[in-house]
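Peer 1: next input, structure requested:
(2 chains)
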Amino acid sequence: DQQVKQNSPSLSVQEGRISILNCDYTNSMFDYFLWYKKYPAEGPTFLISISSIKDKNEDGRFTVFLNKSAKHLSLHIVPSQPGDSAVYFCAAQTSSNTGKLIFGQGTTLQVKP
Amino acid sequence: DAGVIQSPRHEVTEMGQEVTLRCKPISGHNSLFWYRQTMMRGLELLIYFNNNVPIDDSGMPEDRFSAKMPNASFSTLKIQPSEPRDSAVYFCASRPGLHSHEQYFGPGTRLTVT
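Peer 2: Residues are numbered from 1 along each chain as shown, chains lettered A, B, ... in the order given. Predicted coordinates:
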């Protein structure tokens, strides 16, 4: 039972364009969502997060949108840079167990120069 | 500023041997997490501690796996005996406290059991 799903294993975009990474979840109790970025041979690094009381959070080139009714969130990267090429993981947690992050399978983003 | 430190970075062992993975969390962080990443199951939480006390070990696959946190600056994940299906990358992460959300991951230990 995969509670957090990233249905696109990979995405390729041109440098300077927008990258949109998608994530769907099934558990309506999730109330906090995070995006992590992972380079090969490194651990995931935190990128941006959003609480369920918001529908948008922005940090520089990165914006996360949350649509609770659709149980969907997305990460927008504008403009995309070659250094953004990595695996992106969506993760979710509930307030009743804030230690337990449930991760999606990840999406590999390639930004072409 | 040192991040989460894991050792060894790579471990190759034979089936049946004991394996011990080590983690030093970021100083001042009260919560520590052990994850396993495999192609089949992705990144999954095995166990986490708060103030050195295990809070949720529901992800530990079976009795062959055990984790300890004897003090605030050190944790171990032990597999005994190891099996080929334990081959994976094991990550340790830490967090300032239960009310924080972001977890900071170490570089991982790539375990291969032959």
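Peer 1: got the phi and psi for A:Q3?
Peer 2: Backbone torsions for A:Q3, taken as degrees, to the nearest 10, come to phi -80, psi -20.
Peer 1: state the mean pLDDT of stretch B:43-56.
Peer 2: The average pLDDT within stretch B:43-56 is 94.
Peer 1: contacts for it, please.
Peer 2: The contact list for stretch B:43-56, computed with C-beta atoms under 8 Å, 6 or more residues apart in numbering or on different chains, reads A:44, A:89, A:97, A:99-103, A:106, B:30-37, B:57, B:59-61, B:65, B:67, B:69-72, B:75, B:77, B:91, B:97-98. Yep, even glycine has a C-beta here, placed from its N, CA and C like the rest.
Peer 1: out of those, which are inside strands?
Peer 2: Within these, residues falling in strands by DSSP state E are A:89, A:97, A:99-103, B:31-37, B:65, B:67, B:69-71, B:75, B:77, B:91.
Peer 1: can you say which of those are buried?
Peer 2: The neighbour count (16 or more other C-beta atoms under 10 Å in any protein chain shown) marks A:89, A:99-103, B:31-37, B:65, B:67, B:69, B:75, B:77, B:91 as buried among the ones in strands among the contacts of stretch B:43-56.
Peer 1: low-confidence stretches in chain B?
Peer 2: Along chain B, segments meeting pLDDT under 70 span B:1, B:98.
Peer 1: and the residue nearest the centre of it?
Peer 2: For chain B, B:W34 is the residue whose C-alpha lies nearest the centre (C-alpha atoms, centre = their mean; 3.1 Å).
Peer 1: and the residue of chain A found nearest chain B, its phi and psi?
Peer 2: Among the residues of chain A, A:G43 lies closest to chain B, at 3.2 Å counting by C-beta to the nearest C-beta. Main-chain torsions, A:G43, degrees, to the nearest 10: phi -80, psi 160.
Peer 1: ok, A:F30 touching A:A92?
Peer 2: Yes. A:F30 lies in contact with A:A92 (C-beta atoms under 8 Å); the separation is 4.0 Å.
Peer 1: what touches both of those two?
Peer 2: In terms of C-beta under 8 Å, 6+ apart, A:F30 and A:A92 are both contacted by the residues A:3-4, A:102.
Peer 1: restrict those residues to contacts with chain B.
Peer 2: Among the shared contacts of A:F30 and A:A92, the residues that sit close to chain B (C-beta under 8 Å from any C-beta of the partner chain) are A:I102.
Peer 1: and A:F30 and A:A92? which has more neighbours close in?
Peer 2: A direct count of neighbours by other C-beta atoms under 10 Å in any protein chain shown for A:F30 and A:A92 places A:A92 higher, at 24 against 20.
Peer 1: how far is the host helix or strand of B:T20 from where the chain is centred?
Peer 2: Per DSSP states H and E, B:T20 falls inside strand B:19-24. Chain-centre distance of strand B:19-24: 7 Å, with C-alpha atoms, centre = their mean, to the nearest Å.
Peer 1: okay, buried residues for that strand please.
Peer 2: Quick answer for strand B:19-24 (16+ other C-beta under 10 Å): B:19, B:21-24.
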